[in-house]
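J.: predicted model and sequence follow; I will ask about them next.
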Amino acid sequence: MKIKTKNFKEGKADTGLLFVAGIFFLTLAFAGAYFSHFGLALLPKEKMNGMKAPVASVSAPSEQTNLFVNVPATPDEKFIASLSQTQVKEIFIGSYGSVDKEILFGIRDEAEKTFGVKITLLNPGAAIPKEAPFYDKNRKQYDGDALMQNIEKVSVPYGQTVRFLYFVDFDMGVSSGGAPSSAWFRANKGTNAALISLSGLRAKGSLTAKGVLSERAKKVAWRALGITVGFGASPSATNSSCLMYPALTIKELDAEAVILCSSETEAISRVFVR
């Protein structure tokens with residue numbers, strides 16, 4: 001029994017199906033060509049020129065994905081960074097009045113070993129008179145602050161590439177606080193000169209062996225020189241066994257190390273250059 005469909009003829013159905021299929025495949029080919037042209041694959045290919053296509057992997061975000069972490073600078077690193085870029089190339093050692101030449105020769109020789117720069121020993125200057133503003137008759141002391149101001153003024157024209165260490169052998173006081181009544185030295189950061197007094201380094205009431213006095217003078221001279229180049233900011237300045245520690249008594253001074261502590265080792269090579 002045949003069932004006839006209205007307005008439908010055999011033969012025309014096959015032609016219509018072929019037409020629809022052709023349109024579909026043409027559309028698919030066009031889409032593939034479009035996405036390939038813009039670098040996008042419609043579907044991932046298993047192989048590409050004989051090699052398997054790479055498969056992208058996406059990992060979930062992690063709290064530890066930041067590899068660039070800012071690590072705080074250590075105290076030693078901060079100290080090194082604080083130093084002046086101007087390098088010291090020569091140290092002059094001078095004196096006023098009567099100062100033991102043997103001590104000065106020893107300071108010169110040790111300075112060459114420690115700082116590695118040229119050391120020049122100057123001829124001694126005249127004794128400083130006991131008159132104002134350098135001498136205080138009421139205290140019967142030389143005024144270390146007034147002396148230092150004059151020395152800094154005279155030394156400024158020579159610039160920051162040199163340092164002057166001046167020695168005297170008389171009782172020297174200071175008007176500023178935070179120092180012994182008989183000051184051992186005067187020095188300020190950023191200046192190119194320091195003043196050291198041997199008088200206050202002697203034991204009161206008894207003789208002080210020259211070797212002991214020389215050792216104390218060297219420690220004080222190194223500390224004074226260190227202050228002028230910024231070593232006062234060194235972490236070792238808080239260590240009572242290190243040379244940059246601000247010793248206020250002879251006992252503390254004698255307990256300090258003879259050489260600069262480790263935090264100044266790199267600093268010396270940066271600041272003092274022959």
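T.: That came in fine, so what should we check first? Keep in mind that what you see is a predicted model, and the values were worked out from it rather than measured.

J.: buried stuff in stretch 78-92?
T.: Residues of stretch 78-92 classed as buried by neighbour count (16 or more other Cβ atoms under 10 Å): Phe79, Ile80, Leu83, Val88, Ile91, Phe92. Where you see a C-beta, it was placed from the backbone N, CA and C, and this is true even at glycine.

J.: might you specify the subset of those located within strands?
T.: Using DSSP state E, the subset of those located in strands is Ile91, Phe92.

J.: as a markdown table, the buried residues of stretch 78-92 with distance to Ala183 and pLDDT would be great.
T.: Output for the buried residues of stretch 78-92, formatted as a markdown table (distance: Cβ to Cβ, whole Å; pLDDT from 0 to 100):
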| residue | distance to Ala183 | pLDDT |
| --- | --- | --- |
| Phe79 | 26 | 89 |
| Ile80 | 29 | 89 |
| Leu83 | 26 | 89 |
| Val88 | 24 | 97 |
| Ile91 | 21 | 98 |
| Phe92 | 21 | 98 |
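
J.: isn't Val117 up against Val271?
T.: No - counting by Cβ atoms under 8 Å, Val117 does not reach Val271; the two are 9.5 Å apart.

J.: which neighbours do the two share?
T.: Listed as contacting both Val117 and Val271 by Cβ atoms under 8 Å, 6 or more residues apart in numbering are Val88.

J.: between those two, who's got more neighbours?
T.: Val271 (23 against 20; other Cβ atoms under 10 Å).

J.: for that one, phi and psi?
T.: For Val271, the backbone dihedrals (degrees, to the nearest 10) come out as phi -90, psi -40.

J.: that one and Val162, how far apart?
T.: In this view, Val271 and Val162 are 12 Å apart by Cβ to Cβ, to the nearest Å.

J.: residues shared between the contacts of those two?
T.: Listed as contacting both Val271 and Val162 by Cβ under 8 Å, 6+ apart are Val88.

J.: I'd like the distance between the residue nearest to Tyr135 when sequence neighbours are not counted and Trp222.
T.: Nearest non-adjacent residue to Tyr135, counting by Cβ to Cβ, 6 or more residues apart in numbering: Tyr142, 5.4 Å away. For Tyr142, the distance to Trp222 equals 23 Å [Cβ to Cβ].
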